[in-house]
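Chemist: No sequence on hand, only this structure:
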C-alpha cells in the first residue's frame, strides 16, 4: 500500500508574494530532519507537502515523529494513496483503515475535491464511500455530528488520499526565515522556553551561557547542554558559547553596592552578549525575562539592563506567568531538566535586598568603579563553542 505523510501549511499560506521562499525553507528543513531515515520524496502542491517513502529503508514511523517538531507545519496526517476512481478509493479505505473501522461504533465520511475533473462531487463521494463502508463493516452506524472516526478523502492532482483526523503540527514559521538571534541561556525554566518560542518564529539560534566556576559546577554546564539538545529538536543546530563569568562577578561583589549587584551583572551580560552576537551575525538578543517575576525583571530594572546595549532585545515570555511558562516547558521536555538542583551564575551571588527600582545614573556610576573594558575583553578571550543538535537551516 502507498502510505505517505500529508503536511498542511499554516501561517505560510498567508504570506503572499514571498510565500514560495517560506515553502522552500520548510521543504529543506523537512528533508534535513528526515535525511537519516531512508529515502523520501518531499514535494509541495496546493498548500500541502507530500512526504513519500521511495524505498524499503524509509522509516515512516520515525519520520512522523520528527516531522511533528518542524516549525511551519500546522497539521499532518498519515494517509494512503489510491487511484482516482471510486473502486480503488473504496478498497484502499477499507484496507488502510481496517483496524480503526473494526473497533469503532460510528463514523462519517468527509470529502474534498481539489481536482475538479473528478466526475463525482464531494457529497456524492461521501455517499458512495460511506455506503461501501457500511456494507463491509456491518456493525457501524453513520453519525454525522459526533462520530468515533471520520474518514477523509482528498481528491488531488497526484491521486486520492485517505486518512483519519489530522494531528497538530508545531505551528509557527520555518526556522531560517526569521533571521538570527542570540539567546542568553541559563539552567532555569524560562530561557529554554524563550529559545523555543523564538525558533517558532523562524529565528536561527546562537546560545550564550555564562558559567562561573568554581562557584558553578561542570554539571551545571552539562545541564544547559541537555536543555539546548531538547530545544534543538525544534530549532536545529545551536552553537552554545560559554563565557567565563566568575572574575566579573567577584569584581562587582567587591566594588559595587550589593543592592545593585544583579543589575550591573546583567549589564555586563548584555555587553558581552552583544559582542558575541555581532561576531556570529545575529541581529538581536533574546532573554527569558517575565515582567515582575523577580527583582531584576521590573520595568525599571529592564530599562537599566537594556541601556547597556544597542541591539534589539526580544523577551517572548514578558507577559506570561510562571504556570504558562511551565506548561510550555513540559510540552517541549525541558521542565524536568530545568528543575535539577545545579546552580547557575545568576543564583550564586544573589543579593539579600536587590534594588527593584534602580536609577540609571547611580547604576552607571557604580559600574564605572570597575575596569569594564578590560573585564569584558578578558571574558571574550576565553569563550568556548559547542555545537549542539542537528543541521536544519542552510549555513550562511
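Modeler: Perfect, I can see it now. Only a predicted model underlies this, so the values are computations on that prediction, with no experimental measurement involved.

Chemist: Compute the first-to-last residue distance for stretch 199-208.
Modeler: 15 Å (Cα to Cα, to the nearest Å).

Chemist: Outside of that stretch itself, which residues are in contact with it?
Modeler: 71-72, 170-185, 195, 198, 224, 228, 231, 234-236, 238-241, 243, 272-273, 276-277, 280, 282, 286, 388, 393 (Cβ atoms under 8 Å, 6 or more residues apart in numbering). Where you see a C-beta, it was placed from the backbone N, CA and C, and this is true even at glycine.

Chemist: Among these, name the ones in helices.
Modeler: 195, 198, 224, 228, 231, 234, 235, 272, 273, 276, 277 (DSSP state H).

Chemist: can you tell me which two in these are farthest apart?
Modeler: 234 and 272 (26.4 Å; Cβ to Cβ).

Chemist: which one of the two has more residues nearby?
Modeler: residue 272 (25 against 22; other Cβ atoms under 10 Å).

Chemist: burial measure for the residue lying closest to residue 37 once chain neighbours are set aside, as a count.
Modeler: Distances taken as Cβ to Cβ, 6 or more residues apart in numbering place residue 59 nearest to residue 37, at 4.4 Å, with adjacent residues excluded. Neighbourhood size, residue 59 [other Cβ under 10 Å]: 15.

Chemist: For residue 59, give its distance to residue 43.
Modeler: Look at residue 59 and residue 43: by Cβ to Cβ, to the nearest Å, they are 19 Å apart.

Chemist: Narrow the contacts of stretch 199-208 to those in strands?
Modeler: Among those, the members found in strands (DSSP state E) are 170-171, 180-184, 238-241, 243, 286, 388.

Chemist: Give me the buried entries from those.
Modeler: Neighbour-count burial (16 or more other Cβ atoms under 10 Å) applied to the ones in strands among the contacts of stretch 199-208 gives 170, 180-184, 238-241, 243, 286, 388.

Chemist: Break the chain into its domains for me.
Modeler: Listed by automatic domain parsing, the domain ranges of the chain are 3-170, 180-388.

Chemist: tell me how far the last one is from the chain's mean position?
Modeler: To tie it back to what came earlier, the one meant is domain 180-388. Its chain's C-alpha centre and that of domain 180-388 lie 19 Å apart, by Cα atoms, centre = their mean, to the nearest Å.

Chemist: Then the first one?
Modeler: Relative to its parent chain, domain 3-170 has a centroid offset of 24 Å by Cα atoms, centre = their mean.

Chemist: Ends of it, what's the gap?
Modeler: For domain 3-170, the end-to-end distance is 22 Å (Cα to Cα).

Chemist: And for the last one?
Modeler: The distance separating the two terminal residues of domain 180-388, taken as Cα to Cα, comes to 16 Å.

Chemist: What mean pLDDT does it get?
Modeler: The pLDDT scores in domain 180-388 average 93.

Chemist: what about the closest residue to residue 291 other than its chain neighbours, which helix or strand?
Modeler: If the residues on either side of it in the chain are set aside, residue 291 comes closest to residue 318, at 5.3 Å by Cβ to Cβ, 6+ apart. Assigned by DSSP states H and E, residue 318 belongs to no helix or strand.
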